[in-house]
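Chemist: Attaching a predicted model along with its sequence, questions to come.
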Amino acid sequence: MNETYQDPSHPASFGGVDALHLALGRKVSRKEIKNFLEGIDTYTLHKPIRKKFPTNKVIVHSIDQQWQADLVDLSSLRKYNKGYRYLLCCIDVLSKYAWIVPLKQKRGKDNLEAFKIIFSHRKPKFLQTDQGTEFENSIFQKFLKENNVKYFTTYNATKASIVERFNRTLKTKMWKYFTSQNTYTYLNVLQKLVQSYNNTYHSSIKRRPIEVNSENEREVWFTLYGKKSPPSACVLNVGDIVRISKKKLTFEKGYETNFSEELFVVSECVKRSPSEYRIKDLLGEPVLGTFYLQELQKVKLKESFPVEKILKKRTKKKRLEYFVKYDVSAPEAMWRLIEFSFSEKPHVGNHEVGRSLAKPTASSKKKCSDNVTLKFDAFKRPVQRAVQQV
């Protein structure tokens with residue numbers, strides 16, 4: 001099977017489960033082929049990612065319980081709009097009612113003044129944003145506390161999906177207006193566009209956002225969340241080794257790797273509809289946020305990994321051990337210290353089953369000893385961290 005997969009001249013080379021299953025005359029089961037591919041870096045790194053898949057709903061119980069906010073960058077149009085670069089967009093999760101305030105800068109004090117305008121009409125109990133400095137600064141956070149608004153962020157790829165969807169709707173209206181009027185000036189019609197949105201029938205709530213109030217919010221709630229789906233089964237198990245999908249940019253090359261070089265361990269399955277997963281790295285450090293099945297790729301953990309540098313050595317139980325620097329190819333270029341035991345002195349370079357991003361050295365052609373034992377011992381307390389999906 002490996003020869004077929006690795007042979008560049010074979011029609012099924014570097015293919016998926018279906019291609020190999022057909023090439024092998026259906027003599028090997030799909031389960032066996034899938035199990036084989038989970039141990040092949042070429043497959044697990046380049047497997048196509050799914051960008052669109054079912055996700056969990058953002059559930060609230062009343063109007064103005066939770067808002068989402070985001071900044072839309074329109075710096076390219078500033079010369080047509082008196083130097084205004086950004087649009088602060090806020091939306092109520094239940095009613096879908098939206099507000100917009102233009103900004104010249106995205107400093108904390110500018111953001112604060114914009115929210116003062118919005119809060120003069122209504123204000124939420126909870127505010128969700130991304131982790132931008134325009135929101136996570138002492139000036140703005142103090143303002144929220146003074147107004148009894150609780151602030152939070154999430155670490156998923158889609159940080160605030162409802163306001164991001166509104167941003168897309170707004171931009172569509174704006175660019176249609178630009179085309180219609182042969183202009184890039186929007187300041188004079190911005191609030192008219194927002195008014196148009198708030199008075200437009202919204203398919204998810206079966207009414208216009210402006211029509212939602214405290215008297216009919218219960219009816220709106222049942223329209224949004226009334227049909228409860230049962231939790232989906234957990235496909236991945238606790239302890240499974242996975243890669244994280246990279247969030248492809250619009251113009252990023254699709255033939256480059258789609259999943260992270262770094263490996264992670266599934267630590268929990270959160271049963272929802274659909275289910276989500278919590279993960280940690282190989283040292284046991286939790287990764288903030290949750291991941292959908294489509295964002296993870298199950299792999300087999302190899303027994304040995306590339307060594308970048310020998311740091312020190314010691315004798316333990318009459319056995320010589322080497323403390324080495326090991327490249328786990330973290331997305332944020334973060335190095336880990338992991339303990340290995342060697343039967344003989346290792347060489348710097350790539351192990352035959354490893355992948356390394358380290359720059360070539362004079363000894364890079366040498367191989368590490370085949371008798372390598374990887375110990376998953378953390379030499380410091382686990383610290384929570386977030387993986388930036390790029």
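Modeler: Yes, it's here.
Chemist: Give the buried residues for the longest helix along the chain.
Modeler: Across the chain, the longest stretch assigned as helix under DSSP state H is helix 161-181. Going by neighbour count (16 or more other CB atoms under 10 Å), the buried part of helix 161-181 is S161, I162, V163, E164, F166, N167, L170, K173, M174, Y177. In short, each C-beta sits where N, CA and C put it, glycine included.
Chemist: How about stretch 263-276?
Modeler: So, applying 16+ other CB under 10 Å, buried residues of stretch 263-276: L263, F264, V265, V266, C269, P274, S275, E276.
Chemist: Please apply the same query to stretch 278-295.
Modeler: 278-283, 285-287, 289-293, 295.
Chemist: again, but for stretch 93-109
Modeler: 93-103, 106, 108.
Chemist: In strands only, show me those.
Modeler: The strands, defined by DSSP state E, take in A98, W99, I100, V101, P102, L103 from these.
Chemist: Make JSON lines out of these and add distance to N2.
Modeler: Below are those laid out as JSON lines (distance: CB to CB, whole Å):
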{"residue": "A98", "distance to N2": "55"}
{"residue": "W99", "distance to N2": "58"}
{"residue": "I100", "distance to N2": "57"}
{"residue": "V101", "distance to N2": "59"}
{"residue": "P102", "distance to N2": "59"}
{"residue": "L103", "distance to N2": "57"}
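Chemist: Just the closest of those residues to K82, please.
Modeler: K82 lies nearest to P102 out of those, by CB to CB, at 8.9 Å.
Chemist: I'd guessed that closest one sits against L190; true?
Modeler: Yes. Between P102 and L190 there is a contact under CB atoms under 8 Å: 6.4 Å.
Chemist: Between these two, which contacts overlap?
Modeler: L87 (CB atoms under 8 Å, 6 or more residues apart in numbering).
Chemist: What residues are bridge-paired with F323?
Modeler: Residues in a beta bridge with F323, per DSSP bridges, are K312, E339.
Chemist: From K312, how far out is it?
Modeler: 5 Å (CB to CB, to the nearest Å).
Chemist: Neighbour count for these two, which is higher?
Modeler: A direct count of neighbours by other CB atoms under 10 Å for F323 and K312 places F323 higher, at 15 against 8.
Chemist: I figured the more buried one was touching K316, is that so?
Modeler: No. The criterion here is CB under 8 Å, and F323 misses it with K316 at 10.7 Å.
Chemist: quick one: Q141 is in a strand?
Modeler: No. Counting by DSSP: H, G, I helix; E, B strand; the rest coil, Q141 falls outside a strand, being helix.
Chemist: Let me know the secondary structure of the closest residue to it other than its chain neighbours.
Modeler: Nearest residue to Q141 in three dimensions, chain neighbours excluded: Y151, at 6.6 Å (CB to CB, 6 or more residues apart in numbering). When classified by three-state DSSP, Y151 comes out as strand.
Chemist: Counting neighbours, what do you get for Y151?
Modeler: For Y151, the neighbour count with other CB under 10 Å is 15.
Chemist: what pairs with it across the strands?
Modeler: L127.
Chemist: Pretty sure it sits against K142.
Modeler: No. Counting by CB under 8 Å, Y151 does not reach K142; the two are 10.9 Å apart.
Chemist: what's the residue nearest to Q141 in contact with, if anything?
Modeler: Y151 neighbours (CB under 8 Å, 6+ apart): F126, L127, Q128, T129, F135, Q141, L144.
Chemist: Distance to Y43 for those - can I get that in TSV?
Modeler: Shown next, in TSV, are the contacts of Y151 (distance: CB to CB, whole Å):
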residue	distance to Y43
F126	42
L127	42
Q128	37
T129	37
F135	40
Q141	45
L144	47
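Chemist: Check those residues for burial and list the buried ones.
Modeler: The buried subset of the contacts of Y151 - by 16+ other CB under 10 Å - is L127, Q128, T129, F135, L144.
Chemist: Now for those residues: which two are most distant?
Modeler: Q128 and L144 (11.8 Å).
Chemist: who touches the residue sitting furthest away from the middle of the chain in this structure?
Modeler: In terms of distance from the mean C-alpha position of the chain, K318 ranks first, at 46.0 Å (CA atoms, centre = their mean). Going by CB under 8 Å, 6+ apart, K318 touches no other residue.
Chemist: Considering the buried residues of stretch 263-276, which is situated nearest to K227?
Modeler: P274 (15.1 Å).
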